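**Q** Below are the sequence and a predicted model for it; my questions follow.
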Amino acid sequence: MFLKKIHIYNYKLFHDIEMNFEKSDDIPNVFSIASVNGGGKSTLLQFIFIMLNCFMDESKKVYIKNLLKDISFENDGKNELINFIISHKDKNYNFNFSIVPSNFEDKNFDLYEDEKRLKNELEYLTGQLIPYNNPYNKIQQNKEANHITELRKKQKLVESELHLTRDALEKLLLNLEENNLLYITHVNTNNILLLKTKMENELLKKLTKKIFLASPSSQVFHFFKDEEKNLIFKSSKENEQTLEHNPLFKETNSYFNTIKYTKQNIQNFFTYDFFSSDIILGAFEKAFEKDRKLKISGGEYGDNLDKLGKTLKDFLEDKEISVNEDLTKVIYRLIESNEDSTKVKIKQELSATDLSHGELKKLSIFIWLNYLVEEDSIVLMDEIDIALHPSWQYDLVDNLKKWSTNTQFFLATHSPQILSSTYYKNLILLDKKNNSVHQLDKPLDNNDINSVIDLIMGANHLPKTLDKLHIGYRKLVKEGKEGTEKAEELKEEILKWESISSSFFRRIDFFKKMRK
């Protein structure tokens, strides 16, 4: 699966914007999204994830409803929401989501809600009659004969109405199928979400399993209910008071418990605190199973287990990760290179808690991509740079390509290292002020960190105080006043921030030489 294009017509701060993504065999298919804080990076990733992951599963559609709860739209016509173009095996499929009235084009989409209501009502009546179906309970049956008769009469009426509703619903489904339409859910009492696509049902189900989201657990997730989202902003005492008056949330008494519960419902939703030794063991078991299947089908064992073992052995600079022979325990060791760097001396065994936050995150991402993410997937990763050393951030784009086969990545980031290592055509710049998206059609003149900070991120690469001092001193030099008392004062202040051999002073010296 490859996401080729997104056109958002109307969602939160996005209005009529388009993004295009080109697939490449040579360059990592990693697309980095940059914006100012509040520019919509996280909102965009969550919107893509929920719309493409949850639309085929009845139990997940509540997250779509939560996501669309506060958007404004016309009640008397078709409201385009978003269009995706997804490529699969060299064929492009359009996915057009729109919000329409429940009587759109004279169709009765309320039949879906009617069927649910009648089904629940029938289950209730059937449950009410269970005690009276006992042949040994004749006395009770005689006492409440009129009540039983009334219940059975209601039961038959509901059964009849449900039968008629399902007949009408079957005709509606046939009509929708003929027009490549799929009812998703009611977004409110009067409006529904409709999908238009030519992709077959089985492939649609496969698609939903190929969409993944990873995010920090401190993020506000727009697909939660309002009361769930508000938990992150409340103190422990306020949370307790909220829960005391709302028994529905007795089991989710914190924002992080809500996240945990949601991750159980949406299997492809992860947070960066998901590390455990179990997933490392699972990765080894998965590799072993691949090798075993190759042995059964072709007569020779594969090398997946060996490759994983070698990768993890060298994964962290001064630590070794391995497993015991029966794949029941993960072993962490601190190692020390000899002077010739060809051998290592084992110093001591560690626990997972001895690894740094950044090491755990890097290891978690690698194992997650190897063990849980399927090949040929679309992976959305929010604030992936948190806790990673700048050198790891530089390597991340190339590492993601190595760690996961034929996968497309979208990274929402503030990291200039990640942005500078992303292919220029794969940069997506969200402009909140002008409600627009920018994608580069040529490389930057310079791809160093300072250029990325200035041109891509729209920030100054210098502290404001130092920048102001530079401007003042440069102006005096251009006017030939570098020998004045004011210039000397500015120079002394600048030297508190940087040395006389800094690039700024080298440029000043070059200017003075050219001036002569």
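**A** Received the coordinates, thanks.

**Q** okay, now the domains of the protein?
**A** For the chain, automatic domain parsing gives the domain ranges 105-178, 273-373, 464-515.

**Q** what about those domains, which gets the closest to residue 4?
**A** domain 273-373 (20.0 Å; C-beta to C-beta). C-beta coordinates here come from the backbone N, C-alpha and C atoms, glycine included.

**Q** what is the rounded mean pLDDT of that closest one?
**A** In this model, domain 273-373 carries a mean pLDDT of 81.

**Q** how long is that domain end to end?
**A** Domain 273-373 has an end-to-end distance of 16 Å (C-alpha to C-alpha, to the nearest Å).

**Q** go on, stretch 442-462?
**A** Distance across stretch 442-462, first residue to last, is 26 Å (C-alpha to C-alpha).

**Q** For that stretch, which residues meet the burial criterion?
**A** For stretch 442-462, the buried set under the neighbour-count rule, 16 or more other C-beta atoms under 10 Å, comprises 444, 449, 452, 453, 454, 456, 457, 462.

**Q** Include distance to residue 79 when you put those into a markdown table, please.
**A** Listed next are those as a markdown table, based on distance: C-beta to C-beta, whole Å:
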| residue | distance to residue 79 |
| --- | --- |
| 444 | 38 |
| 449 | 43 |
| 452 | 38 |
| 453 | 39 |
| 454 | 39 |
| 456 | 33 |
| 457 | 34 |
| 462 | 46 |
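
**Q** need the residues you listed in a markdown table with distance to residue 322, secondary structure and pLDDT, can you?
**A** Formatted as a markdown table, these follow (distance: C-beta to C-beta, whole Å; DSSP: H, G, I helix; E, B strand; the rest coil; pLDDT from 0 to 100):
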| residue | distance to residue 322 | secondary structure | pLDDT |
| --- | --- | --- | --- |
| 444 | 42 | coil | 82 |
| 449 | 36 | helix | 77 |
| 452 | 38 | helix | 83 |
| 453 | 40 | helix | 80 |
| 454 | 45 | helix | 80 |
| 456 | 40 | helix | 77 |
| 457 | 40 | coil | 76 |
| 462 | 46 | coil | 83 |
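
**Q** Just want the most central residue of the protein.
**A** Nearest residue to the geometric centre of the chain (C-alpha atoms, centre = their mean): residue 213, 2.6 Å.

**Q** Quick check: closest non-adjacent residue to that one.
**A** Spatially, and ignoring its direct neighbours in sequence, residue 213 is nearest to residue 49 (4.0 Å; C-beta to C-beta, 6 or more residues apart in numbering).

**Q** What's the first helix or strand after the helix or strand hosting the one you found?
**A** Element membership for residue 49, per DSSP states H and E: helix 41-53. Sequence order places helix 61-68 as the next helix or strand after helix 41-53, per DSSP H and E.

**Q** on contacts alone, who are the packing partners of that next one?
**A** Other helices and strands packing on helix 61-68, by 3 or more C-beta pairs under 8 Å, 6 or more residues apart in numbering; DSSP states H and E, are helix 41-53, strand 181-186.

**Q** Let's see that with 6 Å instead.
**A** Judged by 3 or more C-beta pairs under 6 Å, 6 or more residues apart in numbering; DSSP states H and E, helix 61-68 is in contact with helix 41-53.
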